[in-house]
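Asks: heads up, no residue letters with this:
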């Protein structure tokens, strides 16, 4: 089946949609590239968290391609009165396809964060169990989104062809349930590492910096809330000006996974930032080595990633380090925090 007649991009909201579909995914792609640069600079073996974020990016680029085609040939961002029946049918095909690309992109992004947390903090059995449960929750959410997209209308072609026998469920309720559970999963991922993060043996100011990095996921929650607002105000009824009122929903459905990928990559970008900006070596910049403050313990190899990581003590206990020749360094390293000691790699998260 060929494409319907193309529509101009200089009218309505079409140009804004195309710009958003290009800018935000490109920013996400840059952070993924920086992530792999940081891994290479630290000679860290790639893990499943890296591969999952690449899959999320590929799904995101599939989504932006679909939305750009939907804007050009489906008339997204134009008023319905300007569109032919072929344009409108193509637009509803875009809506059906975006449900799959959005679900897979956001789902893989969340899985990447879970695997990263397992990789960094996974030597603690309690945390590892909690993180694996969170990973299962992310997988279940992804399956739910794809299942809703596949089963909302029966037959599936009824999504865009209403000249046949078929029916659809409550689209608004389905999409809002997806967005609401999306926010719930994000909240779990934000709160999961915080108790263990603050038990790491490192400077308090460093803990605050890492907390801020992980808390960037709150931005993704804000975007999800905005997407719910546009979903609530979008009418899917036959005869509604769907192409015009749905434009905000489509835009935020691109921004959310883009921002999520950026957030997923942020904790590992320290080495790349340190080599690109002059102030990357100073202060509490994430990625700064803390050899002067780190424990003197031997750093075992994480069996999951093959990367040196700090040895964890049981929660609520502090394993005593060996006596250092430099007594001042030991006192300083113990002064700021207790609990789990932090190695250079733990500080940088990228290892």
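Replies: Cool, the structure landed. Here the structure is a predicted model, which is why all the values come from computation and not from measurement. Numbering: from 1, shown residues only.

Asks: do you have the helices of this protein handy? List them.
Replies: Listed in chain order, the helices of the chain (DSSP state H) span 14-41, 48-73, 85-121, 125-151, 171-191, 194-197, 204-215, 217-232, 242-245, 247-265, 270-276, 327-335, 344-348.

Asks: out of these, which is the most enclosed?
Replies: Mean neighbour count (mean count of other C-beta atoms under 10 Å) peaks for helix 247-265 among the helices of the chain, with a mean of 25. The way it works is simple: take the backbone N, C-alpha and C, and place the C-beta from them, glycine included.

Asks: before we move on, back to that, make CSV from the helices of the chain and add mean pLDDT to it.
Replies: Output for the helices of the chain, formatted as CSV (pLDDT from 0 to 100):
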stretch, mean pLDDT
helix 14-41, 91
helix 48-73, 94
helix 85-121, 90
helix 125-151, 92
helix 171-191, 89
helix 194-197, 77
helix 204-215, 73
helix 217-232, 84
helix 242-245, 82
helix 247-265, 90
helix 270-276, 58
helix 327-335, 43
helix 344-348, 42
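
Asks: which one of the ones you listed lies closest to residue 3?
Replies: helix 48-73 (4.7 Å; C-beta to C-beta).

Asks: got the angle between the closest one and helix 14-41?
Replies: Counting by axes from the mean of the first three to the mean of the last three C-alpha atoms, to 10 degrees, helix 48-73 lies at 160 degrees to helix 14-41.

Asks: what helices and strands are in contact with helix 48-73?
Replies: helix 14-41, helix 85-121, helix 247-265 (3 or more C-beta pairs under 8 Å, 6 or more residues apart in numbering; DSSP states H and E).

Asks: give me the phi and psi for residue 162.
Replies: Residue 162 adopts backbone torsions of phi -90, psi 0, taken as degrees, to the nearest 10.

Asks: which pLDDT does the model give it?
Replies: Note on residue 162: pLDDT of 83.

Asks: residue 249 touches residue 234, doesn't it?
Replies: Yes. At 5.4 Å, residue 249 counts as touching residue 234 under the criterion of C-beta atoms under 8 Å.

Asks: go ahead and confirm residue 46 touches residue 36.
Replies: Yes. Using C-beta under 8 Å, residue 46 makes contact with residue 36 at a distance of 7.5 Å.

Asks: how much space is there between the residue nearest to the spatial centre of the chain and residue 17?
Replies: Centroid-nearest residue in the chain, with C-alpha atoms, centre = their mean: residue 260, separated by 2.8 Å. Between residue 260 and residue 17 the distance is 19 Å, computed by C-beta to C-beta, to the nearest Å.

Asks: likewise residue 150?
Replies: 25 Å.

Asks: now do residue 64
Replies: Residue 64 is 10 Å from residue 17, where distance means C-beta to C-beta.

Asks: equivalent analysis for residue 25, please.
Replies: Taken as C-beta to C-beta, the span from residue 25 to residue 17 is 13 Å.

Asks: over to residue 137?
Replies: Using C-beta to C-beta, one gets 32 Å for the distance from residue 137 to residue 17.

Asks: and residue 143, by the same measure?
Replies: Distance from residue 143 to residue 17, by C-beta to C-beta: 29 Å.

Asks: ok, now residue 49?
Replies: 31 Å.
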